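Colleague: the sequence isn't on hand, but the structure is:
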């Protein structure tokens, strides 16, 4: 099957591309290889993907609508998986316009190009951050999402609205995936596990926000990409309405929103304690107030995804941390 993946040199995009290539699919990746974080890490991921004969690649910015349309028309994918985005809640506070260009304009170009080539299924990355100030836990797809707390979260909510409107007008089957705190080998250096590991190994203070009184639904990367792979052939169909309890399927379009997480509440201090255990070294802790735009808790309800695909995350956070640290020491520690 011909599958196009945006953000193929990113964290999730790399792992998903690799999995789908190993399953025999023809994958075309798009990535701008920008310098939001260490470009060497992105190039190292891309180097691995280029070893596969069934992988092809275009370096492009999603904001370049002409180039994006040319790439789509040339490759003619049946499936489009849109993972590229300007990530990071905290960075969005300082650089909000970057998020508008990439996450709004760039995403629009992907949706438009998917419509032009008549993609059979467009799968798009949203985020658990769209739940914002919601207090009812765990989060369900049918919960209201009116209180985003950061520009990043707001752009993801806007993506969902744009996608729904296109799905309604042009009947493009679209699935939005709300990711919950993805971690694992080859992860982004701006994410908690990476920053904590690096700080502890280098005897530097690690910043712990809200004085550690936070919890997250940490989800291991292999569980995430396996879940996406299961979803590829499960395009939403408007005729499926009422098939599943608490379905987020639109009443007017082949459009559905799905949570994808681990469904486990992990307290931040327990997460740090496990990193210390694996490194056999104590962290120098710097307790700080909650950052602007951040949320205190996330927890997913993934029962709908499980009903549709059989999704069943298998990696607990202790094993996930161990796998990450083994990778970090082998591939990254000596180069930082």
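Modeller: Right, received. Where do you want to start? For clarity, every value in this text was computed on a predicted model and none was experimentally measured.

Colleague: quick one: the strands in the stretch 51-200 of the chain, in order.
Modeller: With DSSP state E, counting those that start in this stretch, the ranges of strands along the stretch 51-200 of the chain come out as 55-59, 79-82, 121-127, 174-179, 182-183.

Colleague: in the first one, what's buried?
Modeller: Of all the residues in strand 55-59, those buried under the rule 16 or more other CB atoms under 10 Å are 55, 56, 57, 58. Quick note: C-beta positions are derived from backbone N, CA and C, even for glycine.

Colleague: which residue is the nearest non-sequential neighbour of the third one?
Modeller: Sequence neighbours aside, residue 29 is the residue nearest to residue 57 in space, at 4.7 Å (criterion: CB to CB, 6 or more residues apart in numbering).

Colleague: and stretch 47-54, how far apart are its ends?
Modeller: 14 Å (CA to CA, to the nearest Å).

Colleague: so which bits of that stretch are buried?
Modeller: Applying a neighbour-count criterion of 16+ other CB under 10 Å, one finds 49, 52 buried in stretch 47-54.

Colleague: got the contact list for that stretch?
Modeller: Stretch 47-54 has contacts (CB atoms under 8 Å, 6 or more residues apart in numbering) with 8-9, 14, 17-18, 21, 24-27, 29, 55, 57.

Colleague: and it, how far from the chain's centre?
Modeller: 22 Å (CA atoms, centre = their mean, to the nearest Å).

Colleague: and for residue 217, the neighbour number?
Modeller: Number of residues near residue 217 (other CB atoms under 10 Å) recorded here: 27.

Colleague: residues in contact with it?
Modeller: If you count contacts by CB under 8 Å, 6+ apart, residue 217 has them with 128, 138, 180-181, 261-266, 298-300.

Colleague: equivalent analysis for residue 85, please.
Modeller: Contact partners of residue 85, counting by CB under 8 Å, 6+ apart, are 7, 102, 103, 106, 107, 125, 155, 156.

Colleague: go again using 7 Å as the cut-off
Modeller: Residue 85 sits next to 7, 102, 103, 125 when contact means CB atoms under 7 Å, 6 or more residues apart in numbering.

Colleague: let's have those in CSV, adding distance to residue 281 and pLDDT.
Modeller: Shown next, in CSV, are the contacts of residue 85 (distance: CB to CB, whole Å; pLDDT from 0 to 100):
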residue, distance to residue 281, pLDDT
7, 33, 97
102, 37, 88
103, 37, 93
125, 34, 98
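
Colleague: for the helix or strand hosting the residue nearest to residue 57, give me every contacting residue.
Modeller: In this structure, residue 29 sits in strand 26-31 according to DSSP states H and E. Contacting residues not belonging to strand 26-31 are listed as 2-10, 13, 17, 20-21, 49, 54-60, 71, 75, 77, 84 [CB under 7 Å, 6+ apart].

Colleague: now do it against strand 55-59, angle only.
Modeller: When axes from the mean of the first three to the mean of the last three CA atoms, to 10 degrees is applied, the directions of strand 26-31 and strand 55-59 differ by 20 degrees.

Colleague: thinking again about what came up before, only whichever of the contacts of strand 26-31 are buried, select them in ChimeraX.
Modeller: Selecting only the buried entries of the contacts of strand 26-31 in ChimeraX, with 16+ other CB under 10 Å as the criterion:
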select :3,4,5,6,7,8,9,10,13,17,20,21,49,55,56,57,58,60,71,75,77,84
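
Colleague: inside helices: which ones of the contacts of strand 26-31?
Modeller: 13, 17, 20, 21, 49, 71, 75 (DSSP state H).

Colleague: TSV for those residues, including pLDDT and distance to residue 210?
Modeller: What follows is those, written out as TSV (pLDDT from 0 to 100; distance: CB to CB, whole Å):
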residue	pLDDT	distance to residue 210
13	98	30
17	98	35
20	98	38
21	98	40
49	98	37
71	98	42
75	97	45
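
Colleague: ok, the residues you listed vs residue 163, which is closest?
Modeller: For these, the residue nearest residue 163 by CB to CB is residue 13; the value is 18.2 Å.

Colleague: measure the nearest residue to the closest one once chain neighbours are set aside to residue 1 for me?
Modeller: Nearest non-adjacent residue to residue 13, counting by CB to CB, 6+ apart: residue 7, 3.9 Å away. For residue 7, the distance to residue 1 equals 19 Å [CB to CB, to the nearest Å].

Colleague: ok, back up a step: partner residues bridging the residue nearest to residue 57?
Modeller: residue 5, residue 57 (DSSP bridges).

Colleague: neighbours of it, how many?
Modeller: Neighbouring residues of residue 29 were enumerated by other CB under 10 Å; the total is 28.

Colleague: show me what the lengthiest helix in the chain is packed against.
Modeller: Secondary structure of the chain per DSSP H: the longest helix is helix 151-170. Under the contact criterion of 3 or more CB pairs under 7 Å, 6 or more residues apart in numbering; DSSP states H and E, helix 151-170 touches helix 89-94, helix 96-99, helix 107-116, strand 121-127, strand 174-179, strand 255-260.

Colleague: mind doing that once more with 6 Å?
Modeller: Packing partners of helix 151-170 (3 or more CB pairs under 6 Å, 6 or more residues apart in numbering; DSSP states H and E): helix 89-94, helix 96-99, helix 107-116, strand 121-127, strand 174-179.
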